[in-house]
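*Asks:* this is a predicted model, with the sequence first.
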Amino acid sequence: MGLLMVGLPLLLAALHWDDALWGIRGEPLEGAWLRLARICSASANGGVLIPAGAAAATWLAWRRRCHAARWVLAMVLAGSIAGLSGTLLRSIVGRARPLAHVEQGWHGPRVAGHWVVGKHAYGAFPSGHTSLAAGFGAFLFLHRRRSGLAGLAYAAAVGWSRVELGAHRPSDVVAGLMVGSSVALLVGPPMLAWLRTWCPDKPMDGGRPAAAT
């Protein structure tokens with residue numbers, strides 16, 4: 001409920017001021033800022049973040065650092081579910097990307113009698129990259145507030161990069177943040193409970209818990 005109370009007004013405001021916010025982007029990024037934006041954007045590509053996170057979790061589990069392994073894998077799974085949810089939503093909504101050479105607007109899954117599901121030009125709302133990054137980062141924030149601030153900063157950086165690179169409008173990014181945060185909130189507790197069976201803590205030693213991993 002709290003997420004809706006905060007997120008929904010922000011989304012409505014972003015939708016109302018989309019054109020104005022888009023207009024203040026200024027000149028296209030160059031140099032170091034452009035490289036930074038590209039790195040942030042690429043890092044939230046499902047083909048990059050998910051395999052890298054899964055590999056890290058597997059290595060940590062092999063080293064019997066199960067606590068860390070569970071957290072990394074939970075963040076990856078939350079991000080994956082959020083990214084998939086964002087992708088499904090944008091396929092149904094069919095909003096044209098701001099720089100796409102198609103008629104701008106909200107078209108739904110069909111345009112002029114043709115299916116546009118999966119078409120890049122009609123996949124603006126919500127931002128899939130931001131949904132994935134928000135699921136990844138918000139999951140950490142919801143359970144580890146102090147270190148989770150870095151997760152929120154990462155999601156914000158990805159959202160900034162998507163707007164600056166011309167892939168999305170601000171409202172697309174706000175919607176992606178809402179999708180990712182909602183998924184992280186919903187799947188968190190049951191996912192962590194399930195992952196305890198994937199990499200259980202070390203057995204009791206002499207009646208006392210083994211050292212934390």
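*Replies:* Nice, thanks for sending it over.
*Asks:* show me where the protein has helices.
*Replies:* Assigned by DSSP state H, the chain shows helices spanning 2-16, 18-23, 31-43, 46-62, 66-93, 128-143, 145-164, 170-198.
*Asks:* just these: most buried one?
*Replies:* helix 128-143 (a mean of 29; mean count of other CB atoms under 10 Å). Every C-beta, even on glycine, is put in place using the N, C-alpha and C of the backbone.
*Asks:* quick one on the thing from earlier: so which of the helices of the chain is nearest residue 115?
*Replies:* With distances scored as CB to CB, the stretch of those nearest to residue 115 is helix 66-93 (9.5 Å).
*Asks:* who are the packing partners of the closest one?
*Replies:* helix 46-62, helix 128-143, helix 170-198 (3 or more CB pairs under 8 Å, 6 or more residues apart in numbering; DSSP states H and E).
*Asks:* if we can go back for a sec, distance to residue 106 for the helices of the chain - can I get that in CSV?
*Replies:* Formatted as CSV, the helices of the chain follow (distance: least, CB to CB, whole Å):
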stretch, distance to residue 106
helix 2-16, 11
helix 18-23, 12
helix 31-43, 24
helix 46-62, 24
helix 66-93, 6
helix 128-143, 17
helix 145-164, 19
helix 170-198, 11
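*Asks:* closest one to residue 111 among those?
*Replies:* That would be helix 66-93 among these, by CB to CB, at 12.2 Å.
*Asks:* how far does the closest one sit from its chain's centre?
*Replies:* Helix 66-93 has its C-alpha centroid displaced from the chain centroid by 7 Å (CA atoms, centre = their mean, to the nearest Å).
*Asks:* give me the angle between it and helix 46-62.
*Replies:* For helix 66-93 against helix 46-62, the angle by axes from the mean of the first three to the mean of the last three CA atoms, to 10 degrees is 160 degrees.
*Asks:* where does the protein dip in pLDDT?
*Replies:* Scanning the chain for pLDDT under 70 picks out 1-2, 202-213.
*Asks:* ok, which of the helices of the chain comes nearest residue 103?
*Replies:* Closest approach to residue 103 among these is made by helix 66-93 (14.8 Å; CB to CB).
*Asks:* what separates residue 4 from residue 28, distance-wise?
*Replies:* According to CB to CB, to the nearest Å, residue 4 and residue 28 sit 35 Å apart.
*Asks:* residue 169 now?
*Replies:* 16 Å.
*Asks:* so between the two, which is more surrounded?
*Replies:* More neighbours surround residue 169 than the other of residue 169 and residue 28, with 23 against 10 (other CB atoms under 10 Å).
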